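> Test case, fold it:
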Amino acid sequence: MSRRPVSNPLALAVLASLWERPMYPYEITTTLRERGKEDSIKLNFGSLYAIIKSLEKHGLIEEARVEREGNRPERIVYAITDAGRAEAHDWMRELIAVPVKEYPAFESGLSLIALLAPDEAIELLRERLGRLDAELASRAQLAEQSDDLGLPELFLVEFHYRVAMTRAEREFVAGMLERLEAGELGGLDAWRTMHELIESGASAGELEAKLAQYLAEGAADQQQH
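Model prediction:
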């Protein structure tokens, strides 16, 4: 991915909002929330001002005018610049066209799941599966509401993407859980034995030797097949 002057996705949301028309900061936040963008982009009103100042510093937006109503404090209305339009367009092209390695929290947990005992991992995966089912049920209701409102699919593509990703995750979790419960997950015996050794107070040397033994046996099995 290209290095951006302001890389926070909220900055792109600000540029997209100002592409429509000049706005003041609170209006930007309100517009994004009304359109449900906080489900895809983390909206933080506190950090919004810092992002706006950074966009202005890099010449991507500029002050259009200062407004004041009655006794209320002055508010600055910002507008996108030509450079800002070019940056937003280039950024969008890259986001849509170029797959990027992301680091989801669940993937991080899976990479270190051996820290948990197998039975505990099974219990937690069951819990996650239930939560994924609840999320899918909730989003199904939202989809029905959207259909009733007659919203064009274009305005819901990120919603449908999220549903597709949640379904894929559910399928993965259910499959892994099924293999664990059936004792069919590769390496399960070693995983269980390691935790049994830990609970029995085995030394680090004993654990290392046992792990090396399992790895060697696994490599030998692969060569035979």
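> From now on I want contacts and neighbour counts done on CA atoms only, so please keep to that.
Noted.
> Show which residues not belonging to stretch 150-167 make contact with it.
For stretch 150-167, the external contacting residues (C-alpha atoms under 8 Å, 6 or more residues apart in numbering) are 40, 132, 136, 139.
> 10 Å - rerun?
35-37, 39-40, 132-133, 135-136, 139-140, 142-147, 168-173 (C-alpha atoms under 10 Å, 6 or more residues apart in numbering).
> are any of those residues buried, and which?
Using 16 or more other C-alpha atoms under 10 Å as the burial test, those include 37, 132, 136, 139, 143, 170, 173 as buried.
> With respect to Ser108, which of those is nearest?
Proximity of the buried ones among the contacts of stretch 150-167 to Ser108 (C-alpha to C-alpha) peaks at Val173, which lies at 14.4 Å.
> which SSE is the closest one in?
Assigned by DSSP states H and E, Val173 belongs to helix 157-181.
> Could you give the average pLDDT over that helix?
On average, the pLDDT along helix 157-181 is 97.
> List the buried residues of the helix or strand following it.
Downstream of helix 157-181, the first helix or strand assigned by DSSP H and E is helix 188-199. Residues of helix 188-199 classed as buried: 191, 193-195 (neighbour count, 16+ other C-alpha under 10 Å).
> try stretch 203-219
By neighbour count on 16+ other C-alpha under 10 Å, the buried set for stretch 203-219 is 207, 210-211.
> Format the CA atom coordinates belonging to that stretch as PDB.
What follows is stretch 203-219, C-alpha atoms only, in PDB (Å, rounded to 0.1, in the frame of the first residue of the first chain):
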ATOM      1  CA  SER A 203      10.400 -28.800  33.500                       C
ATOM      2  CA  ALA A 204      11.000 -26.600  30.500                       C
ATOM      3  CA  GLY A 205      13.500 -29.200  29.300                       C
ATOM      4  CA  GLU A 206      11.000 -32.000  29.500                       C
ATOM      5  CA  LEU A 207       8.400 -29.900  27.600                       C
ATOM      6  CA  GLU A 208      11.000 -29.100  24.900                       C
ATOM      7  CA  ALA A 209      12.000 -32.700  24.500                       C
ATOM      8  CA  LYS A 210       8.400 -33.800  24.200                       C
ATOM      9  CA  LEU A 211       7.600 -31.200  21.600                       C
ATOM     10  CA  ALA A 212      10.600 -32.200  19.600                       C
ATOM     11  CA  GLN A 213       9.500 -35.800  19.700                       C
ATOM     12  CA  TYR A 214       6.000 -34.900  18.400                       C
ATOM     13  CA  LEU A 215       7.500 -32.700  15.600                       C
ATOM     14  CA  ALA A 216       9.800 -35.500  14.600                       C
ATOM     15  CA  GLU A 217       7.000 -38.100  14.600                       C
ATOM     16  CA  GLY A 218       4.800 -35.700  12.600                       C
ATOM     17  CA  ALA A 219       7.500 -35.200  10.000                       C
END
